[in-house]
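here you go, sequence then predicted model.
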Amino acid sequence: MTVLDFMSPDRARADLGFTPLLRSSLERHQREHGATFETRDGWLVPVRFPGEAERLETVGLVDLSHLGKIEARGHGDRVDGSEAAVWYQIRPDLALVLCEYRDAFLLRGKLARRFPFVLDQTGAYGILAVVGPEAIRVLRRLTHLHEFPASGSVAHVGAHVLEQDGGYWIVFPQEYGHYLYEVALDAAEQLGGGPVGVDRLRTVRS
């Protein structure tokens with residue numbers, strides 16, 4: 001079994017009073033839209049936006065980049081349990097597992113006992129959730145994918161799209177975050193939607 005722990009953000013160690021703070025590639029856009037941030041589990045997380053309640057009546061964009069993202073490569077048994085929030089089998093020998101960031105370290109260990117190669121992709125991927133009654137209309141403007149979960153082009157960016165919590169989670173290479181957010185925001189605003197903080201996602205789930 002192989003686990004490249006040195007690539008995992010949670011293995012960074014504070015030194016001489018410095019505490020690493022993880023940030024989403026969508027942060028700049030969020031600040032422009034008046035986001036309120038909080039530090040949670042080492043991440044700077046956008047928790048609220050002005051006017052977000054009204055946006056959820058149509059469509060909201062929620063940044064979930066603070067979730068843990070782990071690839072399990074090779075053939076092995078699926079890990080079930082509360083720490084594995086979402087399991088997406090990309091192909092028979094490759095799975096993408098999303099979890100609460102605080103659970104990522106323990107989950108990597110469990111996966112390493114079942115799979116020959118485990119890679120933490122938390123720093124490599126961002127996650128944008130599209131939620132609300134008009135979520136599917138926004139998604140249709142971004143991709144030709146029709147059945148989910150699926151992998152393919154989203155606004156010309158290679159991504160994974162998962163159907164989750166009554167909406168859709170787009171898992172994308174973080175370096176495309178600024179561009180992808182602009183495109184998704186343009187589509188959402190045409191329907192009266194826009195950015196929504198993570199604290200509103202619980203409302204969407206209920």
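All right, it came through fine. Please read these numbers as outputs of a predicted model, since none were measured by experiment.

for Gly42, which non-adjacent residue is spatially closest?
Leu22 (5.5 Å; Cβ to Cβ, 6 or more residues apart in numbering). C-betas here are computed from N, CA, C, even on glycine.

and the helices in the protein, which stretches?
Here the chain has its helices, by DSSP state H, at 27-32, 52-55, 104-112, 135-142, 177-189, 201-205.

next, count neighbours for the residue nearest to Leu64 when sequence neighbours are not counted.
Excluding the flanking residues, the one nearest Leu64 by Cβ to Cβ, 6+ apart is Ile127, at 4.0 Å. Neighbourhood size, Ile127 [other Cβ atoms under 10 Å]: 25.

Ile127 bridge partners, please.
When assigned by DSSP bridges, Ile127 has beta-bridge partners Val171.

for it, give me its contacts.
Asp63, Leu64, Ser65, Leu67, Lys69, Leu98, Trp169, Ile170, Val171, Phe172 (Cβ atoms under 8 Å, 6 or more residues apart in numbering).

wait, doesn't the fifth one sit right on Arg108?
What it means is Lys69. No - contact criterion Cβ atoms under 8 Å: Lys69 and Arg108 do not qualify, at 11.0 Å.

common neighbours of the two, please.
By Cβ under 8 Å, 6+ apart, Lys69 and Arg108 have these common neighbours: Asp120.

flag the shaky bits of the protein, pLDDT-wise.
1-19, 81-84, 202-206 (pLDDT under 70).

what segments of it are strands?
Under the criterion DSSP state E, strands of the chain are mapped to 2-3, 36-40, 43-48, 60-63, 68-73, 86-91, 94-99, 117-120, 125-131, 150-154, 157-164, 167-173, 194-195.

give me the contact list for the second one.
Meaning strand 36-40. With Cβ under 8 Å, 6+ apart, strand 36-40 has contacts from Leu21, Gln30, Leu44, Val45, Pro46, Val47, Arg48, Phe49, His66, Gly197.

same check, this time on the fourth one
By Cβ under 8 Å, 6+ apart, the surrounding residues in contact with strand 60-63 are 24, 26, 30, 45-46, 52, 126-132, 181, 184-185, 188, 193-198, 200-201, 204.

of those residues, just the buried ones, ChimeraX syntax please.
If you want just the buried ones from those in ChimeraX, going by 16 or more other Cβ atoms under 10 Å, the selection is:
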select :24,26,30,45,46,52,126,127,128,129,130,131,132,181,184,185,188,193,194,195,196,197,198,200,201,204
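
doesn't Ile70 make contact with Phe117?
No - using Cβ under 8 Å as the test, Phe117 is too far from Ile70 to be in contact (11.1 Å).

the two: which has the busier surroundings?
Ile70 (24 against 17).

give the contact list for the more buried one.
Ile70 touches 96-99, 104, 107-108, 111, 118-122, counting by Cβ under 8 Å, 6+ apart.

could you dump those to JSON lines with distance to Gly158?
Below are the contacts of Ile70 laid out as JSON lines (distance: Cβ to Cβ, whole Å):
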{"residue": "Leu96", "distance to Gly158": "13"}
{"residue": "Val97", "distance to Gly158": "19"}
{"residue": "Leu98", "distance to Gly158": "17"}
{"residue": "Cys99", "distance to Gly158": "22"}
{"residue": "Ala104", "distance to Gly158": "23"}
{"residue": "Leu107", "distance to Gly158": "25"}
{"residue": "Arg108", "distance to Gly158": "24"}
{"residue": "Leu111", "distance to Gly158": "23"}
{"residue": "Val118", "distance to Gly158": "22"}
{"residue": "Leu119", "distance to Gly158": "17"}
{"residue": "Asp120", "distance to Gly158": "19"}
{"residue": "Gln121", "distance to Gly158": "14"}
{"residue": "Thr122", "distance to Gly158": "18"}
